[in-house]
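Enquirer: quick one, fold the following:
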Amino acid sequence: MMHLAAEKKSPEKEMSLGAACIFLRGGKSIARGLADDEIDELRDAFNEFDKDKDGLISCKDLGNLMRTMGYMPTEMELIEQSQIINMSLGGKVDFDDFVDLMAPKLLAETAGMIGMKELKDAFKEFDADGDGTITTEELRSAMTKLMGEHMKRKEIDAIVKEADDNGDGTVDFEEFVKMMSNK
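Expert: You can find the predicted model right below:
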């Protein structure tokens, strides 16, 4: 298990580990739609408030529904939503409209998180030969390709050693996930 905060590291090593993670954590946010489990969560919540099972909920219920999902809309936000719904959605919200209203909130909530798909895609970028492990040479190649950064062999070895929990000299997917989540 990595204990990055507990160990004292040289600034050079800190920068190397940071460089290995920067393409996932950098300024580019990954645009995505809602995942199936997020849509299922919305459907379950919506169905709880659709008392007569007609596929519609009222503006009043929308605020209560948002609160049960952990969102605390201000009175002004609810008034704005109500006006949008009353003017364009006939005063009632169906599931698709509800998803349209809630998707930006869910996506904003998870914007800083890296999903499993993104981690697998990133791992594939590093694992050039597709054998399920990242070697020192693969890491060096990926760093150069992804960021144009040429790193010293010692720096690359330090990154691999830091992330290599089982001591086999490579980084497997599980170790990669731990490395990415600890930075």
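
Enquirer: ok, then the element right after the helix or strand where residue 81 lies?
Expert: Assigned by DSSP states H and E, residue 81 falls within helix 75-88. The element immediately downstream of helix 75-88 (helix or strand, assigned by DSSP H and E) is strand 92-94.

Enquirer: grab the nearest non-local neighbour of residue 38.
Expert: Spatial nearest neighbour of residue 38, excluding adjacent residues (Cβ to Cβ, 6 or more residues apart in numbering): residue 106 at 5.5 Å. The C-beta positions use only the backbone N, C-alpha and C, and glycine is treated the same way.

Enquirer: list the buried residues for the helix or strand where that neighbour lies?
Expert: According to DSSP H and E, residue 106 maps onto helix 95-109. By neighbour count on 16 or more other Cβ atoms under 10 Å, the buried set for helix 95-109 is 95, 97, 98, 99, 101, 102, 106.

Enquirer: still on that earlier bit, contacting residues for the residue nearest to residue 38?
Expert: 34, 38, 42 (Cβ atoms under 8 Å, 6 or more residues apart in numbering).

Enquirer: surely the first one is within a strand?
Expert: No: the assignment for residue 34, made by DSSP: H, G, I helix; E, B strand; the rest coil, is coil rather than a strand.

Enquirer: just to revisit the earlier point, relative to residue 119, which of the contacts of residue 106 is nearest.
Expert: Lowest distance from residue 119 to the contacts of residue 106 (Cβ to Cβ) belongs to residue 38, with 17.5 Å.

Enquirer: okay, the angle between the helix holding residue 106 and helix 75-88?
Expert: 150 degrees (axes from the mean of the first three to the mean of the last three Cα atoms, to 10 degrees).

Enquirer: follow-up on the earlier one: closest to residue 167 out of the contacts of residue 106?
Expert: residue 38 (38.1 Å).

Enquirer: downstream neighbour of the host helix or strand of the closest one in the secondary structure list?
Expert: In this structure, residue 38 sits in helix 36-49 according to DSSP H and E. Using DSSP H and E, the helix or strand that follows helix 36-49 towards the C-terminus is strand 56-58.

Enquirer: any idea of the angle the helix or strand just after that following strand forms with helix 95-109?
Expert: Using DSSP H and E, the helix or strand that follows strand 56-58 towards the C-terminus is helix 59-68. Going by the same axes, to 10 degrees, helix 59-68 is angled at 30 degrees with respect to helix 95-109.

Enquirer: dump helix 59-68 to CSV, keeping only the CA atoms.
Expert: The C-alpha trace of helix 59-68 is given here as CSV (Å, rounded to 0.1, in the frame of the first residue of the first chain):
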residue,chain,number,x,y,z
CYS,A,59,-43.3,21.0,-9.7
LYS,A,60,-43.8,20.8,-5.9
ASP,A,61,-42.7,17.2,-5.9
LEU,A,62,-39.6,18.1,-7.9
GLY,A,63,-38.1,20.1,-5.1
ASN,A,64,-38.8,17.4,-2.6
LEU,A,65,-37.4,14.8,-4.9
MET,A,66,-34.2,16.8,-5.4
ARG,A,67,-33.8,17.1,-1.6
THR,A,68,-34.2,13.4,-1.1
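
Enquirer: cool, thanks, talk later.
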